[in-house]
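**Q** sequence and computational prediction follow.
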Amino acid sequence: MSARSESSWEKVPRLPAGHFVSGLVYTDPDVYQDEIDNIFSKAWRFACHESELPEPFDYRLVDHAGQSLICIRGEDDEVRTFLNVCSHRGGKLLTEPSGNARLITCFYHRWTYDSLGACTGIPRPSGYSKEVAKDSMGLRGLRTAVKHGLVFIALDEGAPDLDTFIGLALDQFSEMLGTTLLEVFHYNRAVLDCNWKAWHETNMDLYHEFMHAVLRQTQVGAMPMEDRRLITFENGHGGSGGDLKAAYDGYKSFAGRGGDVPPLPGTDPTDFRFVDLFPSTAIIARGTVVRIDTATPLGPDKTLLEMRGLGVKGESQEHRQARQRHHNQYWGPFGRNVPEDMIAAEACADSFRNQAGRYQIIARDENLTGQDDAILRAFYKEWGDRTGRDPGNPIDPATA
Ligand code: FES
Ligand SMILES: [Fe+2]
């Protein structure tokens, strides 16, 4: 037998549950709405790095679960998050993606708010009953927590606290991120024509190392596959379980990495660590530099991707340039890895958009070593628990 027939192609894979995913998880509008309601509106999610709000009143706008949020450092130095919505008639308050706002003034009828979210001014207040007064007209505040410099937000006031949600997933990054002040030196964003999960899968899938020319040279043979340790955590997170190694000298223009800038705290320049935080943030460290990628769903097949590179705050220009170079070799807009991952995510989206592709197979089992698909399976287990849908058959209510 060579090519497969229609019935063979469309048949449910003969694999254990959790080892395959229906293409409908990427395209079905009801599934997508369930994700917004039960995942993005419920779970903690990375918003930005503290260094992006260095001074009081500095803010950034954050797209999250179809809403615009204001993440702002208050006059008391605390970072808070609010819906970017005026209490009066719902005017969108801030429109610049970032800036400094001592006072947040709504353009429509000039109500004002301070950095703590309090309403500080209502023009001609005597026209209102006492129900509409400054004291009761503050902004809608969201839960905001900072861990190792990472700012997380949650729309759901009933969600377990951030430490419970993260569990042990950030332990391997605590020294790197939490003992030296870091700062974002690189930020760019792109909109991809694919579902948010198709992007995040490129972070969880080690098997696609073969796709990246640079990883074929620097990573595939850098250490025995059976010595690699991967780990899955509670709540759908997964990552490297200890340092994986990369052989940067294997790629000609990468030679010299590690000699021109100190590694980040607690790491060796040849270390490669990563953690994929549920639902859609990947933190990747390559000895000298940290990268944070976050995917935000804009629609079933539209995804905003935000990409940040971090170095040591206050380091010399020479060290910063070296770190930028190391960052850009992998991840810069013209680096080797990210454009290739984008092509992969959009290629799969093309197939699933019209149901030409039916299933994704995530069945590699290498006992949490090598290129095991266990991180993907842990992600989809959490996805299924939160949406109440079977990833292998997401629109048949009999299996929900
Ligand atoms: S909608 Fe904001 S002041 Fe009226
Ligand atoms: Fe990749």
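**A** Looks like it arrived, so ask away. Since the model is a prediction, treat every value here as computed from it, not as a measurement. Ligands and ions are numbered 1, 2, ... in the order given.

**Q** tell me how many other residues surround the one residue in the stretch 301-400 of the chain that gets nearest to ligand 1.
**A** Proximity of the stretch 301-400 of the chain to ligand 1 (CB to the nearest ligand atom) peaks at Leu304, 25.9 Å away. (Each C-beta comes from the backbone N, C-alpha and C, glycine too.) Neighbourhood size, Leu304 [other CB atoms under 10 Å]: 16.

**Q** so who does the residue nearest to the spatial centre of the chain touch?
**A** Nearest to the mean C-alpha position of the chain, counting by CA atoms, centre = their mean, stands Thr281 at 2.0 Å. Thr281 makes contacts with 45-46, 292-295, as judged by CB atoms under 8 Å, 6 or more residues apart in numbering.

**Q** from those residues, which ones fall inside strands?
**A** When DSSP state E is applied, these are split such that 45-46, 292-295 fall in strands.

**Q** next, the residue nearest to the centre of the chain: phi, psi?
**A** phi -120, psi 130 (degrees, to the nearest 10).

**Q** who's in contact with the longest helix along the chain?
**A** Among the elements of the chain assigned as helix by DSSP state H, the one spanning the most residues is helix 337-353. Contacts to helix 337-353, defined as CB under 8 Å, 6+ apart, come from residues 23-24, 26-27, 190, 192-195, 198-199, 201-202, 208, 211-215, 301, 303, 305, 307, 330-333, 357, 360.

**Q** could you dump the contacts of Thr281 to a markdown table with neighbour count and pLDDT?
**A** Shown next, in a markdown table, are these (neighbours: other CB atoms under 10 Å; pLDDT from 0 to 100):
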| residue | neighbour count | pLDDT |
| --- | --- | --- |
| Arg45 | 23 | 98 |
| Phe46 | 22 | 98 |
| Ile292 | 22 | 97 |
| Asp293 | 22 | 97 |
| Thr294 | 26 | 97 |
| Ala295 | 24 | 98 |
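
**Q** the closest residue to ligand 2 within the stretch 201-350 of the chain - how many residues pack around it?
**A** In the stretch 201-350 of the chain, no residue comes nearer to ligand 2 than Asp341, which is 4.0 Å away by CB to the ion. Asp341 is flanked by 22 other residues according to other CB under 10 Å.

**Q** same thing with Asn235?
**A** Residues near Asn235, counting by other CB under 10 Å: 20.

**Q** assign the residue lying farthest from the centre of the chain to helix, strand or coil.
**A** Using CA atoms, centre = their mean, the residue of the chain lying farthest from its centre is Ser126. It sits 46.4 Å away. Using DSSP: H, G, I helix; E, B strand; the rest coil, the structure places Ser126 in helix.

**Q** for Gly138, see how far away it is.
**A** Separation of Ser126 from Gly138 (CB to CB, to the nearest Å): 20 Å.

**Q** list phi and psi for Trp196.
**A** phi -60, psi -30.

**Q** and Cys71, by the same measure?
**A** Phi and psi for Cys71, reported as degrees, to the nearest 10, are phi -100, psi 120.

**Q** how deep is it tucked in, by neighbour count?
**A** Neighbour count of Cys71, defined by other CB under 10 Å: 24.

**Q** that one and Val151 touch, don't they?
**A** Yes - using CB atoms under 8 Å, Cys71 is in contact with Val151, at 6.4 Å.
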